[in-house]
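S.K.: below is the sequence, then the predicted model.
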Amino acid sequence: MDPLEEAIVISFDESGNIDSGLKAQAVAYCQQIKETPTICRICIEKLRFCKLVQVQFWCLQTLHEVIRVKYSLMGLDEKDYVRSSVLSIACSDDKNVGVLEGPAFIKNKLAQVFVTLIYFEYPVIWSSVFVDFLPHLSKGAAVIDMFCRVLNSLDDELISLDYPRSPEEVAVAGRVKDAMRQQCVAQIVRAWYDIVTLYRNSDPELSSGVLDTMRRYISWIDIGLVANDAFVPLLFDLVLLDGLSEQLRCSAAGCISAVVLKRMDPQSKLSLLESLQISRVFSLITYGDSELVPGVAALLTDYATEVLECLKRVNSEEAKRESTKLLDEVLPSVFYVVQNCEVHSGFNVVQLLSSYMATMKGISTLKDKELHHVGQILEVIRTQIRYDPAYRENLDSLDKIGIEEEDRMAESRKDLLVLLRSVGRVAPNLTLLFIRNSLASAVSSSSDRNVEEVEAALSLFYALGESQNEESMKSGSGLLSELVPTLLSTRFPCHSHRLVALVYLDTITRYMKFVQENPQYIPMVLAAFLDERGIRHPNVNVSRRASYLFMRVVKLLKANLVPFIETILQGLQDAVARFTNTGYTSKELSASEDGSHIFEAIGLLIGMEDVPLEKQSEYLSSLLTPLCQQVGSLLSTPTDSMDESSAKFAIIQQIIMAINALSKGFSERLVTASRPAIGQMFKKTLDILLQVLIVYPKVEPLRNKVLSFIHRMVDTLGASVFPYLPKAFEQLLTESEPEEMVRFLVLLNQLICKFSTLVQEIVEEVFPVIAGRIFGMIPTDAILSGPGTNTEACVQIFTRLIKDWCTGPNEEKVPGFQRFVIEAFATNCCLQSVLDKSFEFRDANTLLLFGEIVSAQKVMYEKFGDDFLVYFVSRGFPAAHCPQDLAEQYCQKLQGCDIKALKSFYQSLIENLRLQQNGSLVFR
């Protein structure tokens, strides 16, 4: 090896045995050689005589870089030398020249170099490039293979539209294709034909490669060069002949697909498709695991798609009849493919079938053939949405594999279920009949498949409901009136499986409008939700879902359920007991669910005025009394460990959530006007739950749950909640953090919006405390020591207060608030604090805070108008020695609509003021 070859080998070494310093020297030496003026000659000489793969690759890569980057700087003689040398190497049959005998990546790199020359030189400079190459194909397989690689690389690097191209590349591609069409395409196609004919038996791999290359070019060459009496019979002969290489047969099928997909006017396309006599390949899709099946499957899908496009676009009735005939011939094979073959064209098949259904929308009465196709489409959908039994246990326990499979199926079902709804609109009765038969078949199927069969049938029924309008749902049009009762009365043997139980409950809920119009089925609905199919299901995910869906069912049926309240409460007794019995642990509670949906359902039931007062009081007392006793007991019982405390907090949280949910069913009018005794029960409950804030003032989750319950009581008890607010406010403000203060202000805002001036005294009393708490959250040196989340949160709080409490200039819900904001908050926080040089604009958190401060100024201007602007500019800016022209610019930016421009200007303004004062003004 000479020094360059040795350096190249060292630079490519990945063994780890070469010293890193030596390797770095080798890389530097190679780079130095790249910069020499004779680098192209050096590389070509090495390619002619050196068989080291590393050297070959380096030389080809270097040649590619030089031509691509420095072509315009190369002299004419150098270009001639490179051009003739690259062609000579690509067409050489001398086995001593090692490139064509090398590995595939070397030959692909040579093809890339060749294509780079074509990019710059064809057809203007090197107009004969393809004509020069063609005579060398007679040298044998190595040169033919190289020719195919050049054409493949030309497609990849320049012609194919599968990759994004620059405008220049698009223009060059057009120039190359136009020149090839005029000059050499016919000769190249003839060469393809001769090579495949000659080598089909002796070298099927080479013939396959030639056909794969040809497939790429069919889309833009004259179709008559391929779709003729010579080439089409050859291609079908290759596809149909048993004993030939399956790779070659697949490649031939790919070429026929390319012919089928060739863009042309619909009448010409129809004639072409008809001439192919595609039925010849139908039998090939039954070849089991053959590699040929995916290729033929793709061909049939493409063919059916193109026939369908012809059907849409042709004008004459005769052409439409011919298109329909061809479509009727090919569709059964397409159906077979998608149901029985492992192919990668599933999405295209769904698109095809969706397009087919779209052509039927305008047909009033479907013919027998069309009805048969629709039935087959439904069968395809059912097959494709069915889970693999191999994942049954994973999907039931929902482990990692089960989650992945469920996600995969959810994604693959999207288009299939859209297709189902299309079928349902075109042939509603046929679709319902298919689902009925699917359910009947699934119930009686063998145990090794019934889970998947039942789940698929139920999923079909569920998805179909999305396309049913309310009227047909209520009336049970068609077979719906038979299907819904059948569903409610059927007990599937696999109901214990999570998937089946979930889709069963979802489907029942979806068709609840029918039950609403046919109340005789209510007992069946209640049984399904209250027995082991629903809330009592052993799988916790199912029981949780059942609780939520049952609550939705109660909301819908509501008044219809009054006669069944006793039955429902009896059925929910176990679930309710988990919250009212002291023996249950927090772990058992969380293992079932948080209880909110069950209690909300109960509240909706017993909160109706249709329920007699005595019964209503009895029901509510039987729930609230033990729940409040449970809370009282937990509050009075000391705990010895952190674990015990955490468990206690969790139980209290869940009880508060349950009571909160229960109260949703009771209207303000009922508890304050018509049945104040009910309101009294909720007042007692509120009084007890407020004790939680006193006993556990620093447990944030409990504080949040109590605050949420106060929100609910404001809506439920109306003005009668006022006596409880001072006590609540005192506890909520005592230990509040910034985030909690924001939540407290939401409560205050709810009161102001709901009661307006009625809460004026309460708000006026609490406002100084709020202001004190907010400023108390910002230590006097907060900005000086670097702003934090507390400071940012406090600015956000003030901004929210301004938005909620001030509707416009001199219009405020809290007297004195506007003046306080303008004179104290605006000046101190928005100006003086940011003037201090410790307010570091290079810090990310500081920039976030600065953004909040600028936003606050914008809100103050929107709410207070000139009252804010005049005070801020006339009082604040002079104190900061702000020049008049900058003050005027600030006013313009503030009054504009661009918040980014305002932020940028205000930062520049602050920095200029700091320079003038040397940072002497500090935050007070």
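M.R.: Great, that's in hand.
S.K.: alpha carbons only for contacts and neighbour counts from here, please
M.R.: OK.
S.K.: what packs against the top helix by length along the chain?
M.R.: If you go by DSSP state H, the chain has its longest helix at helix 400-426. Applying 3 or more C-alpha pairs under 8 Å, 6 or more residues apart in numbering; DSSP states H and E, one finds that helix 400-426 makes contact with helix 346-359, helix 368-384, helix 392-397, helix 428-444, helix 450-464.
S.K.: so, low pLDDT: which residues of this protein?
M.R.: 96-97, 288, 342-347, 448, 580-594, 774-790, 810, 917-924 (pLDDT under 70).
S.K.: in JSON lines: the helices and strands packed on helix 400-426, plus distance to A647 and mean neighbour count.
M.R.: Listed next are the helices and strands packed on helix 400-426 as JSON lines, based on distance: least, C-alpha to C-alpha, whole Å; neighbours: other C-alpha atoms under 10 Å:
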{"stretch": "helix 346-359", "distance to A647": "51", "mean neighbour count": "18"}
{"stretch": "helix 368-384", "distance to A647": "46", "mean neighbour count": "18"}
{"stretch": "helix 392-397", "distance to A647": "26", "mean neighbour count": "17"}
{"stretch": "helix 428-444", "distance to A647": "44", "mean neighbour count": "19"}
{"stretch": "helix 450-464", "distance to A647": "38", "mean neighbour count": "25"}
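S.K.: now those in JSON lines, with distance to T637?
M.R.: Formatted as JSON lines, these follow (distance: least, C-alpha to C-alpha, whole Å):
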{"stretch": "helix 346-359", "distance to T637": "62"}
{"stretch": "helix 368-384", "distance to T637": "58"}
{"stretch": "helix 392-397", "distance to T637": "38"}
{"stretch": "helix 428-444", "distance to T637": "54"}
{"stretch": "helix 450-464", "distance to T637": "49"}
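S.K.: right, so of those helices, which gets closest to L848?
M.R.: The closest approach between L848 and any of those, judged by C-alpha to C-alpha, belongs to helix 392-397 at 44.9 Å.
S.K.: which other helices and strands does the closest one contact?
M.R.: helix 400-426, helix 498-510.
S.K.: let's have those in TSV, adding mean neighbour count and distance to V814.
M.R.: Output for these, formatted as TSV (neighbours: other C-alpha atoms under 10 Å; distance: least, C-alpha to C-alpha, whole Å):
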stretch	mean neighbour count	distance to V814
helix 400-426	17	52
helix 498-510	22	47
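S.K.: can you tell which of the ones you listed is closest to Y287?
M.R.: Nearest of the helices and strands packed on helix 392-397 (C-alpha to C-alpha): helix 400-426, 26.0 Å.
S.K.: what ranges do the helices span in the stretch 101-250 of the chain?
M.R.: Ranges of helices in the stretch 101-250 of the chain, per DSSP state H, counting those that start in this stretch, are 104-121, 129-133, 141-154, 167-183, 185-199, 204-217, 231-240, 246-261.
S.K.: and the longest one, what does it pack against?
M.R.: Of the remaining helices and strands, those touching helix 104-121 by 3+ C-alpha pairs under 8 Å, 6+ apart are helix 53-70, helix 76-90, helix 141-154.
S.K.: one more time with 7 Å
M.R.: helix 53-70, helix 141-154 (3 or more C-alpha pairs under 7 Å, 6 or more residues apart in numbering; DSSP states H and E).
S.K.: likewise for the fifth one?
M.R.: In this structure, helix 185-199 makes packing contacts with helix 204-217, judged by 3+ C-alpha pairs under 7 Å, 6+ apart.
S.K.: apply 10 Å and report the result again.
M.R.: Helix 185-199 sits against helix 129-133, helix 141-154, helix 167-183, helix 204-217, helix 231-240, with contacts defined as 3 or more C-alpha pairs under 10 Å, 6 or more residues apart in numbering; DSSP states H and E.
S.K.: to S667, which of the helices and strands packed on helix 400-426 lies closest?
M.R.: Using C-alpha to C-alpha, the helices and strands packed on helix 400-426 put helix 450-464 closest to S667, at 33.7 Å.
S.K.: tell me what angle the closest one forms with helix 428-444.
M.R.: Here the directions of helix 450-464 and helix 428-444 differ by 160 degrees (axes from the mean of the first three to the mean of the last three C-alpha atoms, to 10 degrees).
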